[in-house]
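Chemist: show me how the following folds:
(2 chains)
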Protein chains: 2
Amino acid sequence: MVRVAVVQNDPLFGERSRNIADALALMSASPADVYVLPELFATGYNFADRSEAAALAEPFASGETYDAMQSFARQHHAVVVYGFPEQSGDAVFNSAALIAPDGLSGLYRKIHLFDREKLLFMPGDLPFKVWDTTFGKIGVMVCFDWYFPESARTLTLRGAQLLAHPSNLVLPNCPDSMPVRCRENRVFAATANRVGTEERGGVKLTYIGQSQITGARGEILARASLDHAEVLVRELDLNLADDKRLAGHNDLIGDRRPEFYA
Amino acid sequence: MVRVAVVQNDPLFGERSRNIADALALMSASPADVYVLPELFATGYNFADRSEAAALAEPFASGETYDAMQSFARQHHAVVVYGFPEQSGDAVFNSAALIAPDGLSGLYRKIHLFDREKLLFMPGDLPFKVWDTTFGKIGVMVCFDWYFPESARTLTLRGAQLLAHPSNLVLPNCPDSMPVRCRENRVFAATANRVGTEERGGVKLTYIGQSQITGARGEILARASLDHAEVLVRELDLNLADDKRLAGHNDLIGDRRPEFYA
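Modeler: Next comes the predicted model:
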């Protein structure tokens, strides 16, 4: 059994050190094996423009956010998945890092950018990837990726047992849709969302909370509040995701017929 | 505006003439432009074995069922989509026909067979297809096809505005999942299911009714009862399915990134 935590935080825009400290306090108070944090959890989301995103971006595998999460992962023997604005040369990506206690670290760059993110970030240029960690096979997708069924499907076909899903949700539909994503793929999902409101540059965004742990048969195993910071932890048998059988004669992956798919 | 009807019937196994007459009575009492009937609506579903399925099968574009539906389509200037066991040489497919009043008729053979259907039918060997009818662009998928997101996605990519979805649902999840299918593709869906129970050869199946018309933004526009025959009709502006825009900067189809999909 693997203890999976969704860390629902309430960051202050631009206050990276404060937001990291708050997240670490939440995490330390909630023992788990795998922690999933929101998209852009330490910086805030509602950047006014590209230069503001760049100013708060950090390179992958170094910087204040990475160092803090790596240190936590080692000390607590845990996997940590979190979202951050990634500086890479002149480009900024909306990225997520996966850090495992054994030193493994992986990078995902959000493939489906949402709304104004297109004005701020480069679209992801790395494949959907699954990391084989001590605690299970973890695929990473970020927020709006959920809307495109190909995201979860691709991660499933690459062996994911758990979808780690850092998010900053503003649309209402994700929590009720993740059961369909999990059921059609027979995978678990940990959707970590933030709460709070950000009004910047004339754009006001309200984040809907409701971080969720979803079972491989579409069960909502845990759902957080709409409006306050909290951590939810559930013990999951991720191996259940390896059994794709349905009814007496079906296999949800084996029965696919890609030759008929556009 | 197009009036779309889901015809929820309660067939008696093997009583084809009776079942066709019942369906025609339901349809005649409910004026519409597009009628969607259940999977295998005139024969019943729970065949004991392959020879029993073969005995009730009819070739495409002839036979009692086709003739009755074509006659209705002409008289009422309507499109009719219905499921039937199709005899094709020595093979039997779980098929659906689309008949338009101008003489157009199309054939779909169920691509994802459910459970014991694998013992009874040949898997579909024709592409997912969309027919450009007087009343809109209609794609056809049958029952369990809904479980695989590739089905609705493929029909959407081929231009469908409405998914005509003949079904014989026994699992509970389809009605609540179709909003996700429609939302992710921005298409309408008409899921026509049957009611009643069939116990044959030691296998008892209870069909869950709840035929449903789902809007292109995931709204449940109509849902039928669990247990009695009825027709629901809704007026739909199918052109709304052609606008795939979301938020300020997204397009649900244009933003796909197939180069990253497995």
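Chemist: how about A:S71, secondary structure?
Modeler: Put simply, A:S71 is helix when judged by DSSP: H, G, I helix; E, B strand; the rest coil.
Chemist: and A:S95, that's in a strand?
Modeler: Yes. Assessed with three-state DSSP, A:S95 lies in a strand.
Chemist: so what sits opposite it in the bridge?
Modeler: A:F84, A:R109 (DSSP bridges).
Chemist: show me what contacts it?
Modeler: A:60, A:83-86, A:107-110, A:124, A:142 (C-beta atoms under 8 Å, 6 or more residues apart in numbering or on different chains). From N, CA and C alone the C-beta is placed, and that goes for glycine too.
Chemist: again, but for A:A42
Modeler: A:11, A:16, A:19-20, A:23, A:64-65, A:82, A:84.
Chemist: would you map the helices across the stretch 1-150 of chain A?
Modeler: With DSSP state H, counting those that start in this stretch as the criterion, the stretch 1-150 of chain A has helices at A:16-28, A:50-56, A:64-75, A:117-120, A:149-157.
Chemist: from B:E39, how far out is the nearest residue to A:A247 once chain neighbours are set aside?
Modeler: Closest residue to A:A247 apart from its sequence neighbours, by C-beta to C-beta, 6 or more residues apart in numbering or on different chains: B:D115 at 4.0 Å. As judged by C-beta to C-beta, to the nearest Å, B:D115 and B:E39 stand 13 Å apart.
Chemist: with A:A57 instead?
Modeler: 53 Å.
Chemist: among the contacts of A:A42, which one sits closest to A:T214?
Modeler: Nearest to A:T214 out of these is A:Y82 (C-beta to C-beta; 19.2 Å).
Chemist: contacts only, for the closest one.
Modeler: A:23, A:36-38, A:41-42, A:65, A:69, A:96-97, A:166.
Chemist: if we can go back for a sec, so which of B:D115 and B:E39 has more stuff around it?
Modeler: B:E39 (28 against 17; other C-beta atoms under 10 Å in any protein chain shown).
Chemist: where does the more buried one land on pLDDT?
Modeler: pLDDT, the model's per-residue confidence, is 98 for B:E39.
Chemist: please look at it and B:G83 and confirm they touch.
Modeler: Yes. Between B:E39 and B:G83 a contact is recorded at 3.6 Å, counting by C-beta atoms under 8 Å.
Chemist: find residues that contact each of the two.
Modeler: Contact criterion C-beta under 8 Å, 6+ apart; residues shared by B:E39 and B:G83: B:94, B:96, B:142-143, B:166, B:168.
Chemist: need the three-state assignment for A:A189.
Modeler: Assigned with three-state DSSP, A:A189 falls in the strand class.
Chemist: what bridges to it?
Modeler: Beta-bridge partners, per DSSP bridges, of A:A189: A:L163, A:T214.
Chemist: OK, contacts around it?
Modeler: So A:A189 contacts A:152, A:162-163, A:165, A:178, A:181-182, A:212-214 (C-beta under 8 Å, 6+ apart).
Chemist: measure it to A:S211 for me?
Modeler: 11 Å.
Chemist: for A:F84, same thing?
Modeler: Taken as C-beta to C-beta, the span from A:F84 to A:S211 is 18 Å.
Chemist: got the helices of the stretch 1-150 of chain A as a markdown table, with mean pLDDT and distance to B:F148 columns?
Modeler: What follows is the helices of the stretch 1-150 of chain A, written out as a markdown table (pLDDT from 0 to 100; distance: least, C-beta to C-beta, whole Å):
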| stretch | mean pLDDT | distance to B:F148 |
| --- | --- | --- |
| helix A:16-28 | 98 | 37 |
| helix A:50-56 | 96 | 37 |
| helix A:64-75 | 98 | 37 |
| helix A:117-120 | 98 | 29 |
| helix A:149-157 | 98 | 9 |
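Chemist: possible to save these as a markdown table with mean neighbour count?
Modeler: Listed next are those as a markdown table, based on neighbours: other C-beta atoms under 10 Å in any protein chain shown:
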| stretch | mean neighbour count |
| --- | --- |
| helix A:16-28 | 18 |
| helix A:50-56 | 16 |
| helix A:64-75 | 18 |
| helix A:117-120 | 18 |
| helix A:149-157 | 24 |
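Chemist: hmm, back to that, ChimeraX command to pick out the buried ones of the contacts of A:S95?
Modeler: The buried residues among the contacts of A:S95 can be selected in ChimeraX (16 or more other C-beta atoms under 10 Å in any protein chain shown) with this line:
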select /A:60,83,84,85,86,107,108,109,110,124,142
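Chemist: top of the contacts of A:A189 by neighbour count?
Modeler: Highest neighbour count within the contacts of A:A189, by other C-beta under 10 Å: A:H165, with 34 neighbours.
Chemist: what count of nearby residues applies to the closest residue to A:A241 other than its chain neighbours?
Modeler: The shortest distance from A:A241 to any non-neighbouring residue, by C-beta to C-beta, 6+ apart, is to A:Q161 (3.9 Å). A:Q161 has 25 neighbours, counted by other C-beta under 10 Å.
Chemist: was I right about A:Q161 contacting A:N239?
Modeler: Yes. Look at A:Q161 against A:N239 with C-beta under 8 Å: they come within range, at 7.2 Å.
Chemist: out of the helices of the stretch 1-150 of chain A, the one nearest chain B is which?
Modeler: helix A:149-157 (3.6 Å; C-beta to the nearest C-beta).
Chemist: which helices and strands sit right next to that closest one?
Modeler: In terms of contacts (3 or more C-beta pairs under 8 Å, 6 or more residues apart in numbering or on different chains; DSSP states H and E), helix A:149-157 is packed against strand A:136-140, helix A:174-185, helix B:149-157.
Chemist: possible to save these as TSV with distance to B:L205?
Modeler: Below are those laid out as TSV (distance: least, C-beta to C-beta, whole Å):
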stretch	distance to B:L205
strand A:136-140	36
helix A:174-185	21
helix B:149-157	22
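Chemist: what about A:V233, which SS state?
Modeler: Per three-state DSSP, A:V233 ends up strand.
Chemist: got the end-to-end distance for stretch A:179-193?
Modeler: Terminal residues of stretch A:179-193 are spaced 16 Å apart (C-alpha to C-alpha, to the nearest Å).
Chemist: and what of stretch A:245-260?
Modeler: Length of stretch A:245-260, first residue to last, C-alpha to C-alpha: 21 Å.
Chemist: so A:A229 is in contact with A:V195, correct?
Modeler: Yes. Assessed by C-beta under 8 Å, A:A229 is found in contact with A:V195 at 6.4 Å.
Chemist: looking at those two, which is more packed in?
Modeler: Neighbour count, other C-beta under 10 Å: between A:A229 and A:V195, A:V195 has more, with 22 against 19.
Chemist: distance of the closest residue to the more buried one other than its chain neighbours from chain B?
Modeler: Closest residue to A:V195 apart from its sequence neighbours, by C-beta to C-beta, 6+ apart: A:G209 at 4.3 Å. Counting by C-beta to the nearest C-beta, to the nearest Å, the separation of A:G209 from chain B is 20 Å.
Chemist: part of a strand, is A:G209?
Modeler: No. A:G209 is assigned coil when assessed by three-state DSSP, not a strand.
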